[in-house]
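Asks: what would the 3D arrangement of this be:
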Amino acid sequence: MEGPPEIDIDKLIGDSLYLDNQAHIIVSRMRDMDSGTKSQLRRLYNAVRRACRAPEGERQHEFVMVRARLAYTIARHSLRSLDALERLLLQVTRKNDTRGYERFRDLFEAIVAYNE
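Replies: Alright, predicted model coming up:
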């Protein structure tokens, strides 16, 4: 199986259909590669929502911590299908743009919904 697709943060911010397509791709990879990810995904999604609600001065730090948590979850539970999300989260935190954080949250919400 090929590696996870790269997700373009600028396309994600500007194109809702791109966001939806990426969510479907990730969920499809999860179903092919991983098992038992629903509860882990919901916990991570809750962390993303909390990070989005953090004060603006603390938001980048909160998302850096979410990325660390995501990396730990990927390694601990062998969730290789989420590697693309980890790389995307790195782009989002480097860009440190409110819209990027919101779109990452939207993508994560779509992934959780499609995975149910």
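Asks: please identify the helix or strand for residue 60.
Replies: For residue 60, the element it lies in under DSSP states H and E is helix 56-77.
Asks: which strands and helices lie in contact with that helix?
Replies: Applying 3 or more Cβ pairs under 8 Å, 6 or more residues apart in numbering; DSSP states H and E, one finds that helix 56-77 contacts helix 38-53, helix 83-95, helix 98-115. C-beta here means a position set from N, CA and C on the backbone, and glycine is covered the same way.
Asks: again, only this time at 7 Å
Replies: Other helices and strands packing on helix 56-77, by 3 or more Cβ pairs under 7 Å, 6 or more residues apart in numbering; DSSP states H and E, are helix 38-53, helix 83-95.
Asks: export these as CSV, with columns for mean pLDDT and distance to residue 24.
Replies: Conversion of those to CSV gives the following (pLDDT from 0 to 100; distance: least, Cβ to Cβ, whole Å):
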stretch, mean pLDDT, distance to residue 24
helix 38-53, 92, 15
helix 83-95, 91, 13
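Asks: I'd like the mean pLDDT over the helix holding residue 60, please.
Replies: Averaging pLDDT along helix 56-77 yields 93.
Asks: how near is the residue nearest to the spatial centre of the chain to residue 50?
Replies: Centroid check for the chain by Cα atoms, centre = their mean gives residue 85 as the closest residue, at 4.1 Å. For residue 85, the distance to residue 50 equals 17 Å [Cβ to Cβ, to the nearest Å].
Asks: now swap in residue 71 and tell me
Replies: Between residue 71 and residue 50 the distance is 18 Å, computed by Cβ to Cβ.
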